[in-house]
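Trainee: I would like the atomic coordinates for the input below:
(one chain, ligands or ions: 1)
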Amino acid sequence: MAEYKLEVTTGDMKYGGTLDYIYATLFGTEGESERTELDNFGFDALRGMTRTYTIKTAAPLGKLLLLKVEKDPFFILPEDQWYCSKIVVATPEGEAILFPCYRWISRGELVELRGGKAIKVFEEDHPLLTDHRKKELITKKNLYQWAITDEKIPHHIHYTDIAELPAEVQFSLSRKHEFDFAKGLAGVELLFKGMAGSTEQWSSFENIKDIFCCQKTPMSEYVAEHWMEDDFFGYQFLNGTNPREIKRCSELPPNFPVTEEMVKPSLQEGSSLKKEMEKGNIFLCDQKIMDKILTREYEGEHLQTASGFCLFYMNPENKLMPIAIQLHQQPSKQNPIFLPSDSETDWLLAKIFVKSTDTLVYQAVCHLMGTHFLAEVFGVAALRSFPVIHPLYKFLIPHFRYTLHINTLSRTILFGPKGVLNTSTLGYEGITELIRRGLSEMTYSSLCLPDNITARGLDSVANFYYRDDGLKLWNIIKSFVRKVVEHYYPADSDVVKDTELQDWINEIFTHGFLANELAGFPTAFKTVEEVVKFITMLLFTVTAQHAALNNGQFDFLSWMPNGSFLTRKPPPTTKGQSSIQTILETFPNVGETVTFAALVVVLSEKYSDMVLLGAYTEDMFHETALKQTIKEFQADLCSLTDTIAARNTKLELPYTYLSPTEIENSVTI
Ligand code: FE2
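Mentor: I've put the predicted structure just below:
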């Protein structure tokens, strides 16, 4: 006779428990147990509960291979899903083996858990497990299929409705209760006291402050007060929602003919553009990506966007100042270079157009494509390529939590043909084209922060907190990833012979980067170092990068003039013709403004079941070494939080978006 003690933990989320009957069967190298009901006196699987049960067998089962879990109805009650977190099995030999589950289980579902340490495909040593592994991947590839909306944008999961998504990738019930994207948007719009749907034009800048009746933050109020100031305009290209657009400029593009005379008044006395370029103080934002892009029709005319250049000067006070703006690529009489010395409204209008284009690029290319779509590609490829016992499944799966759900929603409500972005200057077709162009320009090194900063010549720029905090995070993440990867892949040969790992990167290359070899994306992994670099990039993208881009949306964009998704008038073609009235006519009307404001309210929400970077609330690893590695990662993040908090006490505008306490463990919003 042998006894196995099963310690069963039910999830502590709302509705995690069940009244249904639960059965377990153990499979070992020497035989299997009977299908045994897990039944103690009283309720067994209530929310957050851990209870221990005994399974008796005639003889020891040898090495434990699988644990089968089933659930049958309790009398005639309706379906009562159960969230099983984990089962720890104590064997007669004195071992305690962790079987992570962390999923909802419905009636009639066959759930076979694998326990113990993570295993790569070439380490499987039992025919039952080899067979189980193969079958698991066939099921997963059927469950998670690729779909293509457009040949030139990253592929995505084939489900079109969140209700169809497998339970394991859906929002929890508690989050579903808190978050109903569509209703949320409409509900938030209603809060804007009668402004929703209004086709009236704003009558003054002051009136636009009415949108803050609903919600405001210290930063959004700061933006409303300072949005017209040149130094704050420059500040946002370093520390705003889109810190990825400027680069150092050592030579002007031939189609941006700024002269010494034009910028002399903006530079330090006695200096020149040439000298400042040599000193590394001149920066450029080139908005070529928007050149001749398709735009939406509005009141019978096609709208227009800016697609030109903005030149910046880092002045002796370490403030980044815009000093010249050209709103289209081709220089001409109808495309003048605007300067701070022009009339106040000419210069302001030029900055408004630069910022509006920047906001569209930010939302479509940097935020949606660069974080959300990529996170989905990494996640779908992982679900299809790794069985749950694979070390990289255990390591990466918490970083894809809720991403398929939020993206499936956003494809209809935000980005789809009827989504909110369809009401932007570009409309759905233009946004799609913008994403296509963004992907075609994306390189592997642009996704790796240290390479990105160096390529843009921004290593030594002052007051660049996105870079300072981002690089510290990159290094902390890299050191953590290295420990995990090297634990499972001690040699390059382990990487090469892991066919599941190779399948994963190949799926990402094909479906995410659309087989663009010239852009430097890996097609296969040959070394441990390559895996460390790629997973560092992945973790950084779905956590820190998303937080830096996502979390300031309300702060910077709820004040519409600071970055409008829609400009109703074309960019100015002459100087001296503009007035405040021109600017107000250019802005979206009241109802359109409210729709965009509601969007950034919803996208900046925080939810009660948020998991912070590195929290790893699920116990996925049996190995003690990995538990220790996670603790060290958490300690490093804590220490960075303190460093950033101390730095922020000295700043007029604290930069908080990359504080680890503000970063989620996955893309969920
Ligand atoms: Fe987001």
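Trainee: This structure - how does it break down into domains?
Mentor: Domain ranges of the chain: 2-116, 156-161+367-550+607-662, per automatic domain parsing.
Trainee: to the chain's geometric centre, what's the distance from the shortest one?
Mentor: When distances are taken as Cα atoms, centre = their mean, to the nearest Å, domain 2-116 is centred 35 Å away from the chain's centroid.
Trainee: Could you pull up the mean pLDDT of it?
Mentor: With pLDDT averaged residue by residue, domain 2-116 scores 90.
Trainee: export the domains of the chain to CSV and tack on distance to residue 251 and mean neighbour count?
Mentor: Glycine gets a C-beta too; all of them are placed from N, C-alpha and C. CSV is the format used below for those (distance: least, Cβ to Cβ, whole Å; neighbours: other Cβ atoms under 10 Å):
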stretch, distance to residue 251, mean neighbour count
domain 2-116, 54, 17
domain 156-161+367-550+607-662, 12, 19
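Trainee: What helices and strands are in contact with the host helix or strand of residue 131?
Mentor: Per DSSP states H and E, residue 131 falls inside helix 127-143. Here helix 127-143 touches strand 64-72, helix 374-385, going by 3 or more Cβ pairs under 8 Å, 6 or more residues apart in numbering; DSSP states H and E.
Trainee: now the angle from the first one to helix 127-143?
Mentor: What that stands for is strand 64-72. Relative orientation of strand 64-72 versus helix 127-143 (axes from the mean of the first three to the mean of the last three Cα atoms, to 10 degrees): 50 degrees.
Trainee: okay, the helix or strand following strand 64-72 in PDB with CA atoms only?
Mentor: Once the chain leaves strand 64-72, the next helix or strand it forms, by DSSP H and E, is strand 82-90. Taking Å, rounded to 0.1, in the frame of the first residue of the first chain, the C-alpha atoms of strand 82-90 are listed here in PDB:
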ATOM      1  CA  TRP A  82     -13.300  26.000 -10.900                       C
ATOM      2  CA  TYR A  83     -10.000  27.900 -10.900                       C
ATOM      3  CA  CYS A  84      -7.400  25.400  -9.800                       C
ATOM      4  CA  SER A  85      -4.200  27.200  -8.900                       C
ATOM      5  CA  LYS A  86      -1.900  24.300  -8.100                       C
ATOM      6  CA  ILE A  87      -1.600  20.800  -6.600                       C
ATOM      7  CA  VAL A  88       1.400  19.700  -4.600                       C
ATOM      8  CA  VAL A  89       1.800  15.900  -4.400                       C
ATOM      9  CA  ALA A  90       3.700  14.400  -1.500                       C
END
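Trainee: Give me the residues contacting the one helix or strand residue 538 maps to.
Mentor: In the assignment (DSSP H and E), residue 538 maps to helix 528-540. Contacts to helix 528-540, defined as Cβ atoms under 8 Å, 6 or more residues apart in numbering, come from residues 378, 392, 395-396, 399, 444, 447-449, 470, 473-474, 477-478, 481-482, 485-486, 489-492, 494-495, 501, 505, 522, 525.
Trainee: Of the domains of the chain, which is nearest residue 124?
Mentor: Nearest of these to residue 124, taken as Cβ to Cβ: domain 156-161+367-550+607-662 at 8.9 Å.
Trainee: next one: the closest one to chain centre, how far?
Mentor: That offset, for domain 156-161+367-550+607-662, works out to 7 Å (Cα atoms, centre = their mean).
Trainee: and residue 443, what does it touch?
Mentor: 519, 520, 521.
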